[in-house]
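A.B. asks: Sequence and computational prediction follow.
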Amino acid sequence: PAQQPDGSRKALAEAIEAQRDAESQHAALVKAEQAAFDRECAAEEKLETIQRRHAAESDGGADAFVASIASGSDCSVDALEAPGKQRAAEIEAAQREIAALDHVRRQIVARVEPAEKAVAALRAKVERCAAEVLVGSVDVQKLLAEAERAAQTIVGLRVRLMFVRSLIPSESPEHAAVDHFLARPWLIDEYSDAWKRNPAIAPYRAAFEALCRDPEAKINCAP
């Protein structure tokens, strides 16, 4: 069959490229969100470690004062306050890091859902464009004509069976076999999704899926 004109192929190529860009952006956000979460967890563990260490240590100011008395030197107020200030600074730095990471992670999380929606919308656009390319390559009128011929054939065969059935003794195996065939709901798949599993559409499905990945994919469907 003839391939679809370049216009439809070009639109499909642009849609696929846009989808891949959106998927890349979404993946980057997901990766960044996980990294921020991991780093925040590490910062929280760091804070807990600092707090446990400080709780286990003696008061640094008292140690400094005892040491100054033992050496006979004078201990300034700054020296007395320094250990406490250092501890407070360590804790504050860890808390600031946690708060900053939490803030950033929340901002990233807020972008993830819109990014997911963008990917879904672009994927749907790719499918629409791929469908246009595929349908453009199919001779629908030829397919309809072939289906019409097949329908006439099956109807003719069924009515012949019905006529023969009227002549066959009702208790015979042939009568039962014909009854069984005529009772089969041969169109029932059209009222459910069962028709989607029919091998007759496998070439069309394969072509559609290939087009969704590659705008230059060849289409080999008949008619």
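C.D. replies: Noted; the coordinates are in hand.
A.B. asks: Tell me which helix or strand comes right after the lowest-mean-pLDDT helix or strand in the chain.
C.D. replies: With mean pLDDT, DSSP states H and E as the measure, the helix or strand of the chain carrying the lowest mean pLDDT is helix 60-71 (a mean of 61). Using DSSP states H and E, the next helix or strand after helix 60-71 towards the C-terminus is helix 77-137.
A.B. asks: list the helices and strands the helix or strand just after that following helix packs on?
C.D. replies: In the C-terminal direction, the helix or strand that comes right after helix 77-137 (DSSP H and E) is helix 140-167. Applying 3 or more C-beta pairs under 8 Å, 6 or more residues apart in numbering; DSSP states H and E, one finds that helix 140-167 makes contact with helix 173-183. All C-beta spots, glycine's among them, are computed from the backbone N, C-alpha and C.
A.B. asks: quick one: low-confidence parts of this structure?
C.D. replies: Scanning the chain for pLDDT under 70 picks out the ranges 1-5, 56-84, 222-223.
A.B. asks: how about a cut-off of 50?
C.D. replies: 1-4 (pLDDT under 50).
A.B. asks: Let me know how buried the nearest residue in space to residue 131 that is not next to it in sequence is, in neighbour terms.
C.D. replies: The spatial neighbour of residue 131 that comes closest, neighbours along the chain excluded (C-beta to C-beta, 6 or more residues apart in numbering), is residue 208 at 6.9 Å. Using other C-beta atoms under 10 Å, residue 208 has 19 other residues around it.
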